[in-house]
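> just to be clear, the model below is a prediction. Sequence and coordinates:
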Amino acid sequence: MNKNNPFTVVKKDQLRSLGERKLIDTIKVWLGKTNPNTPYGIGDDCAVIPNSNSQLITVDPLIYGRHFDDTVSAYHAGEKLLKRNISDIAAMGGKPTCCVISLTLDPTVKITWLKNFYLGLKDTAQSYAIKIVGGDIAELKGSLAATLTLLGEKTTNRFLTRHTAKSNDLIFVTGKLGLSLPSKHHYTFTPRIKEAQWLVKKMYVTSLMDISDGLAKDIHSLIPKKAAACIYADKIPLKRGATVKNGLCDGEDYELLFTVKPSANLKLFQAQWKKRFPDTPLTLIGHMSPASKKNKTALNLSTFQGFEHLA
């Protein structure tokens, strides 16, 4: 086979032998010093643009057959593309500002489908005061995919990232988890942008992210070194009909997952939350623990698998 051909039948040389998490770590090594440390480089829901100290940037695709199918209207597909990016900006406590969109299309895509897709984008952008400022279109037979790059900015004097939790911090989640596909939540969700902007102002909140690939996978991004996440099955907030496995593994929940200092006044925090966001459930699901002292009644998260790209 030509050495320039990008594909291989040798399993050990395929991307699937790494999986998404190891691939991201490997890309960091390949990029070397061109990839700055968090929050300016790879590893968070979005990145802070170097030398700006206030600008955020994130990018996410929407692929036909992967992120949506014929059960989802073109309008809702457009909504979902922008909302999943908004959720990333929210996950660092930011405010979305403007975006560009790249389309990869088969020439047989219906004009009316694409029109309704853009109407979904437009209405969502207007709801969040986002400007759509450019993009690109390319032809690829058999393809229908859109990639959106969204810029954002600080709403206070700090960003929250995935890498600042401490041992003994408490673990919270918003909303209810599981069954995102059958419930249609994967495209009807509301990004927790207001909730995140409120959390970033609370100095006892130590880390933050959104749940997109399932709690069981995403929690690993928050766990401090030499620590373990103690999450309890009976504390996980589930949608009606969902099992604990659904809540841990289904993904596309787009809820906030965050940690709070154990010294925080929890009663006051929870009361303030309920008053400010009466329609958004807030649940304490566990805590970070020194790895050597993990509670035996906590879930063994290694037995659950969230969504892993390329696996």
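It's in.

> neighbours of Asn157, just the number please.
Using other C-beta atoms under 10 Å, Asn157 has 9 neighbouring residues. No exception for glycine: its C-beta is placed from N, CA and C like everyone else's.

> please report how far it lies from Tyr232.
Distance from Asn157 to Tyr232, counting by C-beta to C-beta, to the nearest Å: 34 Å.

> and if you look at Lys176?
Taking C-beta to C-beta, one finds Lys176 at 16 Å from Tyr232.

> settle it for me: which of these two has more neighbours?
Per other C-beta under 10 Å, whichever of Lys176 and Tyr232 has more neighbours is Lys176, with 19 against 16.

> my guess is that one contacts Ile236, does it?
No: using C-beta atoms under 8 Å as the test, Lys176 is too far from Ile236 to be in contact (9.1 Å).

> what about Ile132, distance to Pro290?
47 Å.

> what about those two, which has more around it?
Ile132 (18 against 12).

> what strands flank the strand or helix carrying that one, and is each parallel or antiparallel?
Assigned by DSSP states H and E, Ile132 belongs to strand 131-139. If you go by DSSP bridges, strand 131-139 pairs up with strand 95-105 (parallel).

> and whatever helix or strand comes next after the partner strand, what does it pack against?
Where DSSP H and E defines the elements, the next helix or strand beyond strand 95-105 is helix 111-127. In terms of contacts (3 or more C-beta pairs under 8 Å, 6 or more residues apart in numbering; DSSP states H and E), helix 111-127 is packed against helix 74-90, strand 95-105, strand 131-139.

> can you redo the ones you listed as CSV with mean pLDDT?
Below are these laid out as CSV (pLDDT from 0 to 100):
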stretch, mean pLDDT
helix 74-90, 96
strand 95-105, 93
strand 131-139, 90
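
> Tyr254: which of those is closest?
Closest of those to Tyr254 is helix 74-90, at 4.7 Å (criterion: C-beta to C-beta).

> tell me what that closest one is packed against?
strand 55-63, strand 95-105, helix 111-127, strand 144-153, helix 185-188, helix 193-199, strand 205-210.

> among the ones you listed, show me which one is buried the most.
Of these, the one with the most neighbours on average (mean count of other C-beta atoms under 10 Å) is strand 205-210, at a mean of 24.

> now it and helix 74-90, what's the angle there?
160 degrees (axes from the mean of the first three to the mean of the last three C-alpha atoms, to 10 degrees).

> quick one: mean pLDDT for strand 205-210?
Averaged across strand 205-210, pLDDT comes to 96.

> partner strands of it and their direction?
Sheet pairing for strand 205-210, using DSSP bridges, gives strand 256-260 (antiparallel).

> residue ranges for the strands of the stretch 201-311 of the chain, please.
Counting by DSSP state E, counting those that start in this stretch, the stretch 201-311 of the chain has strands at residues 205-210, 227-231, 256-260, 282-290.

> so which of these comes closest to Leu301?
Of the strands of the stretch 201-311 of the chain, the one closest to Leu301 (C-beta to C-beta) turns out to be strand 227-231, at 6.5 Å.

> hmm, back to that, nearest to Ala196, of the helices and strands packed on helix 111-127?
The nearest among these, by C-beta to C-beta, is helix 74-90 at 4.1 Å.

> CA atoms only for that closest one, dumped as CSV, please.
Listed next in CSV are the C-alpha coordinates belonging to helix 74-90 (Å, rounded to 0.1, in the frame of the first residue of the first chain):
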residue,chain,number,x,y,z
ALA,A,74,-33.5,20.4,9.5
TYR,A,75,-34.6,23.3,11.8
HIS,A,76,-33.8,21.3,14.9
ALA,A,77,-30.5,20.1,13.4
GLY,A,78,-29.5,23.8,13.0
GLU,A,79,-30.6,24.5,16.5
LYS,A,80,-28.6,21.6,17.9
LEU,A,81,-25.4,22.6,16.1
LEU,A,82,-25.3,26.0,17.7
LYS,A,83,-26.6,24.9,21.1
ARG,A,84,-23.9,22.3,21.5
ASN,A,85,-21.3,24.9,21.0
ILE,A,86,-23.1,27.3,23.3
SER,A,87,-23.0,24.6,26.0
ASP,A,88,-19.2,24.5,25.7
ILE,A,89,-18.9,28.3,26.2
ALA,A,90,-21.3,27.9,29.2
